[in-house]
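Undergrad: Structural data only, the sequence is not supplied:
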């Protein structure tokens, strides 16, 4: 088992035991420390306060703290993080988590992360209060069917009880259980639970509830296509709980699913109203913003407005309005100073009053193009590796323009790239009536020793570069800490994330796939890794931002030199 320098295990034997429980279908909770692209430590537990386990996880090293629920069955293990807890994305790649569990726990599994609105409940099956609550599930379902006008009240009470039990709050759960029993006993046809439960009847009722939710599910997916995977996963989770006869959990989760679907379907009109209110507020601020253009406060306000428009485009109106609050404060501070310039700026405002609204449309258009074109770009780079440099140059230019806020230029570049890819792929198609056969590789498999050397070398280079970039970022932010341009600097500094972003992660994943593959599949997977490597190499060679970082006077960093040298060594191992 892997240990840190102090001899503390990155994951304890107790945590490994709880993960084995998860593989048997029993959900547990987890606390995790991650740093960069790596998992530092993992604590899996059944009971106890999250702060206690946070301290335990931090004994193995410092980093970002994550917590949630881990569940699953067999080899598939799901690590669930909730938006209500502040998590919007997975902490690391699933392959990094898999590698950590392989090395630290010798646990063979297929782990993955999932982001949900609210964390699922984890109930202690040995707790008498939990047993009492689970026995109430069948009467609660019967009461909801017999008294649909009281269903919302019953479901809300079940959710409250489940929440108290999940957080180990018996004092709060007990009176709510009494209330639920009293409510169910007072409804016609609903009796207090007995020790005997008709599992087949309860299973049928739960399946019926899922079927009844189907139209609502379809409507929610239609209105929120970006939530499709999450919603379907929630349905599958309930089905698995029913299949495994975890009827108490299934009842709680299907109730939560129904409330989520109702909120998503009913939120459309609310979102529309919120959007209109945001646009009206933005419109009212525009004259003052235009009046201040050319001053430090005006430039900063314009930058914040662009950021607000981006959040509004993503329907995150809470964050968008917070940014408009900042703009209002800035304008109030500079009002007296800039009053003399206001009339002339107000005239200009009339010409560009819709600029932020247009920015939102441009941003949405760019994000849609990015999602549409990226898989086409990967396919084109694999089909025509000799065109990698030219295609990636346009792609990187578009990304840089978007990061700088030049969305018109970014979208134009995306259109140019898509046209180029279409023509390239059409030219690569065989004439009608002919069959294009794959070219025989004729190459021997790359040895696992060479692949392991490549993985170790690449991980070391990434860690070195990550440390240098973090130091560079802190130095830059320190220089501008008291400068009005700090928000703009913060926005631009995010370009550093791209250096060790998707390309670096994808290369690591491809090397890992090749290392773990059977011998007969290694040549093909090594060829795929070479394509990714060449694409990354072209990016490092041509990207203007990479060159600018190498020339800066604060802390020059030869990104291309450090990473490129390792890439060359990896390419040699792959036979490139």
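TA: Okay, I see it. The structure presented is a predicted model; accordingly, all values stated were derived computationally and were not measured. Numbering: from 1, shown residues only.
Undergrad: three-state assignment of residue 11?
TA: Assigned with DSSP: H, G, I helix; E, B strand; the rest coil, residue 11 falls in the coil class.
Undergrad: Can you list the buried residues in stretch 559-571?
TA: 559-560, 562-564, 566-567, 570-571 (16 or more other C-beta atoms under 10 Å). The C-beta positions use only the backbone N, C-alpha and C, and glycine is treated the same way.
Undergrad: Please work out the average pLDDT along that stretch.
TA: Mean per-residue pLDDT for stretch 559-571: 84.
Undergrad: quick one: contacts of it?
TA: For stretch 559-571, contacts defined as C-beta atoms under 8 Å, 6 or more residues apart in numbering pick out 454, 457-458, 460-462, 464-465, 468, 499, 507, 511, 530, 533-534, 536-537, 540-541, 546-547, 549-550.
Undergrad: So among those residues, which ones count as buried?
TA: Here, 16+ other C-beta under 10 Å leaves 454, 457-458, 461-462, 465, 468, 499, 507, 511, 530, 533-534, 536-537, 540, 546, 549 buried among these.
Undergrad: need the helix or strand of this structure with the lowest average pLDDT.
TA: When the helices and strands of the chain are scored by mean pLDDT, DSSP states H and E, helix 342-351 comes last with a mean of 42.
Undergrad: moving C-terminal of that one, what's the next helix or strand?
TA: helix 355-383 (DSSP states H and E).
Undergrad: Following that next one in sequence, what is the next regular element?
TA: helix 388-403.
Undergrad: Pull out the buried residues from that next one.
TA: Quick answer for helix 388-403 (16+ other C-beta under 10 Å): 388-389, 391-403.
Undergrad: Please compute how far it lies from its chain's middle.
TA: Relative to its chain's centre, helix 388-403 lies at 23 Å (C-alpha atoms, centre = their mean, to the nearest Å).
Undergrad: Next: stretch 91-104.
TA: For stretch 91-104 - counting by C-alpha atoms, centre = their mean - the centre lies 16 Å from the chain centre.
Undergrad: list the helices and strands the lengthiest strand in the chain packs on?
TA: Secondary structure assigned by DSSP state E gives strand 64-73 as the longest strand of the chain. Other elements packing on strand 64-73 under the criterion 3 or more C-beta pairs under 8 Å, 6 or more residues apart in numbering; DSSP states H and E are helix 13-23, strand 28-35, helix 50-58, strand 76-82.
Undergrad: Out of the ones you listed, flag the one nearest residue 327.
TA: strand 76-82 (30.8 Å; C-beta to C-beta).
Undergrad: who does the closest one touch, helix- and strand-wise?
TA: Against strand 76-82 (3+ C-beta pairs under 8 Å, 6+ apart) you get helix 13-23, strand 64-73, strand 110-116.
Undergrad: Quick one: residues in contact with the very next helix or strand once past that strand.
TA: Downstream of strand 76-82, the next assigned helix or strand under DSSP H and E is helix 94-105. For helix 94-105, the surrounding residues in contact (C-beta under 8 Å, 6+ apart) are 1-2, 9-11, 15-16, 19, 37-39, 42, 79, 107-113, 508-509, 512.
Undergrad: correct me, but residue 261 touches residue 216?
TA: Yes - if you go by C-beta atoms under 8 Å, residue 261 and residue 216 touch, sitting 4.4 Å apart.
Undergrad: Those two: which is more packed in?
TA: Neighbours of residue 261 and residue 216, each counted by other C-beta atoms under 10 Å, are more numerous for residue 261; the result is 22 against 16.
Undergrad: what's near enough to touch the more buried one?
TA: Here residue 261 is in contact with 213, 216-217, 219-220, 231 (C-beta under 8 Å, 6+ apart).
Undergrad: who wins for most neighbours among the residues you listed?
TA: Most surrounded of the contacts of residue 261: other C-beta under 10 Å gives residue 220, at 24 neighbours.
Undergrad: Could you tell me how many residues sit around the residue nearest to it when sequence neighbours are not counted?
TA: Of all residues not flanking residue 220 in the chain, residue 264 sits nearest, at 4.3 Å (C-beta to C-beta, 6 or more residues apart in numbering). Using other C-beta under 10 Å, residue 264 is surrounded by 19 other residues.
Undergrad: what helix or strand is residue 264 on?
TA: helix 247-292.
Undergrad: relative orientation of that helix and strand 110-116 in degrees?
TA: Going by axes from the mean of the first three to the mean of the last three C-alpha atoms, to 10 degrees, helix 247-292 is angled at 60 degrees with respect to strand 110-116.
Undergrad: from the middle of its chain, how far away would helix 247-292 be?
TA: On C-alpha atoms, centre = their mean, the centre of helix 247-292 falls 19 Å from the chain's centre.
Undergrad: In contact with residue 153: list those residues for me.
TA: Residue 153 neighbours (C-beta under 8 Å, 6+ apart): residue 183.
Undergrad: Quick check: buried residues in the one helix or strand it maps to?
TA: Following DSSP H and E, one finds residue 153 within helix 151-166. Neighbour counts over helix 151-166 (16+ other C-beta under 10 Å) mark 151, 154-155, 157-159, 161-166 as buried.
Undergrad: before we move on, what about stretch 58-74?
TA: 58, 60-61, 63, 66-73.
Undergrad: Relative to residue 225, which of the residues you listed is nearest.
TA: For the buried residues of stretch 58-74, the nearest to residue 225 is residue 68 (24.6 Å; C-beta to C-beta).
Undergrad: Is it correct that that closest one is in contact with residue 122?
TA: No - applying C-beta under 8 Å as the test, residue 68 and residue 122 come out as separate, 9.8 Å apart.
Undergrad: Find residues that contact each of these two.
TA: residue 29.
Undergrad: so who does the most centrally placed residue in the chain touch?
TA: By C-alpha atoms, centre = their mean, the mean C-alpha position of the chain lies nearest to residue 89, the distance being 2.3 Å. Each residue near residue 89 by C-beta under 8 Å, 6+ apart is listed here: residue 115.
Undergrad: What does the pLDDT read for it?
TA: Reported pLDDT for residue 89: 84.
Undergrad: Relative to residue 387, how far out is it?
TA: Separation of residue 89 from residue 387 (C-beta to C-beta, to the nearest Å): 32 Å.
Undergrad: Likewise for residue 460?
TA: 31 Å.
Undergrad: Give the closest residue to residue 555 in space, chain neighbours not counted.
TA: The shortest distance from residue 555 to any non-neighbouring residue, by C-beta to C-beta, 6+ apart, is to residue 472 (4.7 Å).
Undergrad: Same question for residue 394.
TA: residue 417 (4.4 Å).
Undergrad: Tell me how many other residues crowd the one you found.
TA: The burial count for residue 417: 23, using other C-beta under 10 Å.
Undergrad: Likewise for residue 49?
TA: Residue 49 sits with 11 neighbouring residues when counted by other C-beta under 10 Å.
Undergrad: Residue 556 - that's part of a strand, no?
TA: No - per three-state DSSP, residue 556 lies outside any strand segment and is coil.
Undergrad: and it, what is it in contact with?
TA: 549-550.
Undergrad: let's see 10 Å
TA: 472, 549-550 (C-beta atoms under 10 Å, 6 or more residues apart in numbering).
Undergrad: Filter those residues down to just the ones in helices.
TA: 472, 549-550 (DSSP state H).
Undergrad: Poorly predicted segments of the stretch 101-250 of the chain, please.
TA: For the stretch 101-250 of the chain, applying pLDDT under 70 flags the ranges 188-201, 226, 229.
Undergrad: And the helices in it?
TA: Assigned helices in the stretch 101-250 of the chain, in chain order: 128-135, 137-146, 151-166, 170-186, 199-212, 214-223, 228-243, 247-292 (criterion: DSSP state H, counting those that start in this stretch).
Undergrad: Pick the most buried one from those.
TA: helix 137-146 (a mean of 21; mean count of other C-beta atoms under 10 Å).
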